[in-house]
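Engineer: pasting the sequence and the predicted model now:
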Amino acid sequence: DKLRRARDAVCADVRGVLRDELDAFARRGENTDAFDAVIDGGGGDALNTFVRLLKPHTGVIVSYGATGGTPTDFRVHQLFLKQLRWYGSSMGSPREFADMLQFVAAHRMRPVIDAVLPLERYADAFERMARSEQFGKLVLRVAAAPPPRL
């Protein structure tokens, strides 16, 4: 459902599977060497699955984060035996960041907001993320502080 919503919301063409579906896909044993690219912000132990699913010689991994932590058992030899390419990406230089902000403003791009919750309901937001139920950003609203008393 998330891929369909991504297609409908922002993308002309989305092909692939979500991170939490990759292990099941790889376990089936079919379609290994099936993907041209993996764009991932999680890292962690899923990296071995990504390498296994990428096409030899042309496969590309783009990493932009490591919220899943450091892999406990990364099989680096598969990376070079399949002759894959791996790119790391960050926010870029201050100039590139300024250009990106200008682009976002000029094209009136807005993030997809899943829910806005009061700060007191932060646990609900984390539970929603843990169940992978959100599509888009979960926003916690901080109540405005009362003016100082003089």
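Structural biologist: Ah, there it is. Numbers count the residues shown, from 1 in each chain.

Engineer: okay, and for this protein, where does confidence drop off?
Structural biologist: Judged against pLDDT under 70, the low-scoring parts of the chain cover residues 1-32.

Engineer: now the helices for it?
Structural biologist: Defined through DSSP state H, the helices belonging to the chain, from first to last, are 2-9, 19-27, 46-53, 76-81, 94-106, 122-130.

Engineer: list the buried residues of the shortest one.
Structural biologist: Put plainly, it is helix 76-81. Neighbour counts over helix 76-81 (16 or more other Cβ atoms under 10 Å) mark Leu79 as buried. Heads up, the C-betas are built off the backbone N, CA and C, glycines and all.

Engineer: quick one: terminal-to-terminal distance for stretch 62-77?
Structural biologist: Using Cα to Cα, to the nearest Å, the end-to-end distance of stretch 62-77 comes to 18 Å.

Engineer: check what contacts that stretch and list those residues.
Structural biologist: 37-48, 51, 86-90 (Cβ atoms under 8 Å, 6 or more residues apart in numbering).

Engineer: okay, buried residues for it please.
Structural biologist: Applying a neighbour-count criterion of 16+ other Cβ under 10 Å, one finds Ser63 buried in stretch 62-77.

Engineer: centroid residue for this structure?
Structural biologist: Gly41 (4.3 Å; Cα atoms, centre = their mean).

Engineer: and His57, what does it touch?
Structural biologist: Residues counted as contacts of His57 (Cβ under 8 Å, 6+ apart) are Lys82, Gln83.
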